[in-house]
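Engineer: Structure for the following, please:
(2 chains)
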Amino acid sequence: MEALAAFAQGLGVALQPLHLGVMVAGVLVGVIAGALPGISFVNAMAIALPFTYLMTPLVAMMFLGGIYVGGVFGGSISSLLLNIPGDPDSLPSCWDGYPISQRDGPQRALSIAITASAIGGLFSAFLLAFASPPFARFALTFDQPEFFAATVLGLVSVLAIAKGTLLLSLVSLFLGAAIGAMGTDPLYGVPRLTFGFDVLANGIEFTVVMIGLFALGEVLEYASLRLRPDFGVRQKAHMTVLSLRDVWALRGSIGRGTGIGSVIGVVPGAGAAVGALVAYGIERQVNRRRDEFGTGVEDGLAAPEASKNATTGTALIPLLTLGIPGSAAAAIMLAALMLHGVQPGPNLYTKDPGMLYAIFASFTLANIFMVIVSAGVARFFGTLMRADPAIICAFIVIFSVVGAFGVRNNIADVYLCLVFGVLGFYMRRFGFPAAPMVLGVILGPLAEGYFMTSMANYADDWTVFFTRPKSAFLMALAAGFVVWALWPELRHLARHLGDGRRR
Amino acid sequence: MAVSPRAALGFVVPLAAAVALCVLALAYVAPGVDLAAMSRGVVGPATWPKAMLLCAAAAAAMLALLKVLELFGLRSPREAAGDGDEYHEARSIGVIALLIAYGIAIPLAGIAWATPVFLAGWLLLGGLRGPLLIGLTSILGSVGVLYFFVKLSLMPLDRGKGVFEQASVALYRLLGIY
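Structural biologist: A predicted model of the protein is given here:
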C-alpha cells in the first residue's frame, strides 16, 4: 500500500509538463536513433549524457530513460520495414516480422511489435517500481566487502554474455579498469598512470570515454564502410495498437517473452539483445507452430518484442539498488547520476525515495508514450531515411565533440574523446567489444574503492570476501558466471583430452 | 574455417602492442613515489592499477598466442575477426585525419570557424557533391550549433586565438548570440 501511494506520488511528479515533455523528447530521440540503421540508441544516450549537466538528476534520468525505452523498440521499425535491424536487439524481429510485413503489410507487423513491446515494457516498469525497494532494503545490510563482491559480480557478468569473445572481452575489461585507475588515487593522493601529463592527474572522465568509444567509434565505422545499404522506403507505414482479441490470441508468446525479458534484464551484462534472442529461441521450442517459424509466425515476432522491452525496467534494478550497471545503457544512466553527485545504491531508497518513484513512474509512462511516438516515427520513416547518413554522422561528431568539451569545459577532454573515438573504431574493426571497457572504466574505480576500504576496515584480511556469507554468496555467483562463460572452452578441452586418451 | 595470415596478423599486431603498452605502463604507475613505504600490508596505491595492467597484458598475450596457433593450423579458429575488406581504407584514414584536424583547429580557430570547414570536409568525404547542399548544411548547421550551445545552453565554447577570437566575437554579435 505504501509503495502504491509512493508510486502515485511519483506519477504526479512525472506528469508535470516539464518532466513529461523531457521524457517524450527522450522517447522520440530514442525511437529515431534506434530506427536509423547504423546509429544505436546507446550512441544517442552517450551524446545526450553531457547535456544532462544542465538538468536535475531526475530530469536527466527521465530524458535518458525515455531514450532507452524508445531506442530499444525503435530498432524494430527498420527490422520490419527494411529487414535491417536498427539495433542488434531487433535482429530476431526480422526473422518472422519481415515476412509478416511482406505478407500482411507493415501495419500488421508494426502493430504486433509495438503492442508486445509496450506490454513487456509496462510489466518491467511495474517490477522495477515494486520489486526493487524490497531488494534495496535487503542490500542495506551490505558492508564494504559485500559491495566489492557485488561489483566483481557486475564486472565478471560482462564475460558471461561474451561467449566466443571471452578473451577479447577480458582484455577490453581490464584495459578499461586500468584507464579508470588513471589520475590521483583518492585514498593516498598519489598520481597514477599520468605519464607526466598534468591533464591526466584528474583522471579520465568516463563520459568522455563513452562518447568516444560509442558515438565517435560508431560514426567512424559507418563513414569507413565500403558498401552502405540502400535504405529506400517508399511507403508510409501506419501503426495501431492490437485489439484485445488479437492480444488474447498472442497471450502465450507475449507472456513468455515478458517473463523471460524481465528475468534476463536483472542479470548484469545480459540486456535487450540477449532477452530477444532467448525469447525467440524458447518460443521456437514451445510454440505449436514451431515448424513454421521464419515464415511469418506472429508469435515469433511478439515474443522477442515483448522480451526486449521487458528488459528495460528490470535492468535498472541492479543499477539503482547496488550501483551496478549491467549494460552500456545502464552505465550511461549511472554516469548521469554520478555527474550530479548522486550515488545509486540501497541508501538512495531511504534518502530520496521521491525521486526514485518519479523515475519509476516516468519509465512506466515512457512505455505508453512509446506507442504514440513510434506511430509518428514509423509514418515518417521514409522521409527520415531520405536524410543522407553523411549529414547525420557529421552532426553526431559535432555533438560528441561539444559534449566532450562540456564535461569540464576543457579542450583536453575533446582530445581524449577523439583518441577514444579512433580506438573505438579500431576495436569495432577488429571485433573487440567496447562495452566491457566502458564498464571497466566505471566499475573499476568503484571496485578499487570498496576493496581498499574493506582491507582497511578488516585489518588487511583478504579472506573477508569469502568468509562473510553474503559476500561469499556473491563471489560464488561471480565464479559461477566465469565457469558459465568458460564452459564452451572447458567442454572443448575435455573432448580434446578424451580423444587423445582414446587414441 | 581457415584464418588468413592478413586477418591473423591484423589481430596479433594490436594485441602485441597492447601487451607492450601494459608492460611499459607497469613501470610508470607512479614514478618517483616510494610505493613500498606507502603500502599497508599487501595493498598500496599501485596495487589495483598494477593488477589490472597485468591481467590485461596476460589476457592479450594469451589471445595473441591462440591467434598464432590458429595461423599455423595448430588450433581451430574460435574467435572470428573481420579481415577488413568491408572498409574503405583511404576513406577511413581521411575521416580520422579530418577528425583530428577538427580537434586541433578548435582551440586555434574557434568552434565557430572550425565547424563549417569540418562539416564541408566531412560531407565531401561522405560522398556529397552538390555545392549548394554542402554550403547550406555547413553554414546553417554551424549557426544552429552556435545558437543551441552558446546562446541557449550558455556553454563557453572555444573562440580561438588572435584574429580568430576577434572574428568569433564579431560573428556572435552579428548573429545576436552576444
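
Engineer: contacts and neighbour counts: CA atoms only from here.
Structural biologist: Will do.

Engineer: list the buried ones in stretch A:446-453?
Structural biologist: A:446-452 (16 or more other Cα atoms under 10 Å in any protein chain shown).

Engineer: do it and chain B meet at all?
Structural biologist: Yes - between stretch A:446-453 and chain B, judged by Cα under 8 Å from any Cα of the partner chain, the touching residues are A:448, A:452.

Engineer: can you dump the C-alpha coordinates of that stretch into PDB?
Structural biologist: Taking C-alpha atoms only, stretch A:446-453 is exported to PDB below (Å, rounded to 0.1, in the frame of the first residue of the first chain):
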ATOM      1  CA  LEU A 446      34.300   1.600  -7.600                       C
ATOM      2  CA  ALA A 447      35.700  -1.900  -7.100                       C
ATOM      3  CA  GLU A 448      39.000  -0.500  -6.100                       C
ATOM      4  CA  GLY A 449      37.400   1.800  -3.600                       C
ATOM      5  CA  TYR A 450      35.400  -1.000  -2.000                       C
ATOM      6  CA  PHE A 451      38.400  -3.300  -2.000                       C
ATOM      7  CA  MET A 452      40.700  -0.700  -0.300                       C
ATOM      8  CA  THR A 453      38.200   0.300   2.300                       C
END
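
Engineer: got the contact list for that stretch?
Structural biologist: Applying Cα atoms under 8 Å, 6 or more residues apart in numbering or on different chains, the contact partners of stretch A:446-453 are A:144-145, A:147-148, A:151-152, B:43, B:48.

Engineer: Find out how far it is from the centre of the chain, if you would.
Structural biologist: Distance of stretch A:446-453 from its chain centroid, counting by Cα atoms, centre = their mean, to the nearest Å, is 24 Å.

Engineer: next one: stretch A:130-146
Structural biologist: On Cα atoms, centre = their mean, the centre of stretch A:130-146 falls 22 Å from the chain's centre.

Engineer: Would that stretch count as contacting chain B?
Structural biologist: No - applying Cα under 8 Å from any Cα, one finds stretch A:130-146 separated from chain B by no less than 15.2 Å.

Engineer: Can I get that stretch in PDB, CA atoms only?
Structural biologist: Provided in PDB are the C-alpha atoms of stretch A:130-146 (Å, rounded to 0.1, in the frame of the first residue of the first chain):
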ATOM      1  CA  PHE A 130       7.500  -2.700  -6.800                       C
ATOM      2  CA  ALA A 131      10.300  -5.300  -6.600                       C
ATOM      3  CA  SER A 132      13.400  -3.100  -6.400                       C
ATOM      4  CA  PRO A 133      12.500  -1.400  -3.000                       C
ATOM      5  CA  PRO A 134      12.400  -4.700  -1.000                       C
ATOM      6  CA  PHE A 135      15.700  -5.700  -2.700                       C
ATOM      7  CA  ALA A 136      17.200  -2.300  -1.800                       C
ATOM      8  CA  ARG A 137      16.100  -2.900   1.900                       C
ATOM      9  CA  PHE A 138      18.000  -6.200   1.800                       C
ATOM     10  CA  ALA A 139      21.000  -4.500   0.200                       C
ATOM     11  CA  LEU A 140      21.100  -2.000   3.100                       C
ATOM     12  CA  THR A 141      22.600  -4.800   5.200                       C
ATOM     13  CA  PHE A 142      25.700  -4.900   2.900                       C
ATOM     14  CA  ASP A 143      29.100  -3.700   4.100                       C
ATOM     15  CA  GLN A 144      32.100  -2.800   2.000                       C
ATOM     16  CA  PRO A 145      33.100  -6.500   1.300                       C
ATOM     17  CA  GLU A 146      29.600  -7.200   0.000                       C
END
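
Engineer: buried stuff in that stretch?
Structural biologist: Residues A:130, A:132-133, A:136, A:139-140, A:142, A:144-146 are the ones in stretch A:130-146 that count as buried (16+ other Cα under 10 Å).

Engineer: I'd like the average pLDDT over it.
Structural biologist: For stretch A:130-146, the mean pLDDT works out to 88.

Engineer: cool, stretch B:121-139 as well?
Structural biologist: For stretch B:121-139, mean pLDDT rounds to 92.

Engineer: low-scoring stretches of chain B, by residue?
Structural biologist: Low-confidence segments of chain B (pLDDT under 70): B:1-8, B:40-41, B:74, B:76-85.

Engineer: care to break it down by domain?
Structural biologist: Per the record, chain B has its domains at B:5-71, B:89-175, by automatic domain parsing.

Engineer: Of all the ones you listed, which one is nearest residue A:336?
Structural biologist: domain B:89-175 (17.5 Å; Cα to Cα).

Engineer: if we can go back for a sec, how about the domains of chain B in JSON lines, adding mean neighbour count and distance to chain A?
Structural biologist: Below are those laid out as JSON lines (neighbours: other Cα atoms under 10 Å in any protein chain shown; distance: least, Cα to the nearest Cα, whole Å):
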{"stretch": "domain B:5-71", "mean neighbour count": "18", "distance to chain A": "5"}
{"stretch": "domain B:89-175", "mean neighbour count": "17", "distance to chain A": "5"}
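
Engineer: can you map out the strands along the chain?
Structural biologist: All of this refers to chain A. A:183-184, A:191-192 (DSSP state E).

Engineer: Quick check: residue A:155 touching residue A:439?
Structural biologist: Yes - in terms of Cα atoms under 8 Å, residue A:155 counts as a neighbour of residue A:439; the distance is 7.1 Å.

Engineer: what ranges do the helices span in chain B?
Structural biologist: In chain B, the segments counted as helices under DSSP state H are B:5-27, B:35-38, B:47-71, B:89-109, B:111-125, B:131-146, B:163-175.

Engineer: right, I mislabeled it, should have said the stretch 351-500 of chain A
Structural biologist: Secondary structure of the stretch 351-500 of chain A, counting by DSSP state H, counting those that start in this stretch: helices at A:353-379, A:381-385, A:389-408, A:411-429, A:435-457, A:464-467, A:469-502.

Engineer: ok, the closest residue to residue A:77 other than its chain neighbours to chain B distance?
Structural biologist: Counting by Cα to Cα, 6 or more residues apart in numbering or on different chains, residue A:35 is the residue found nearest to residue A:77 once chain neighbours are left out, at 5.6 Å. Taking Cα to the nearest Cα, to the nearest Å as the measure, residue A:35 falls 21 Å from chain B.

Engineer: For residue A:35, grab the count of nearby residues.
Structural biologist: A count of nearby residues for residue A:35, using other Cα atoms under 10 Å in any protein chain shown, gives 34.
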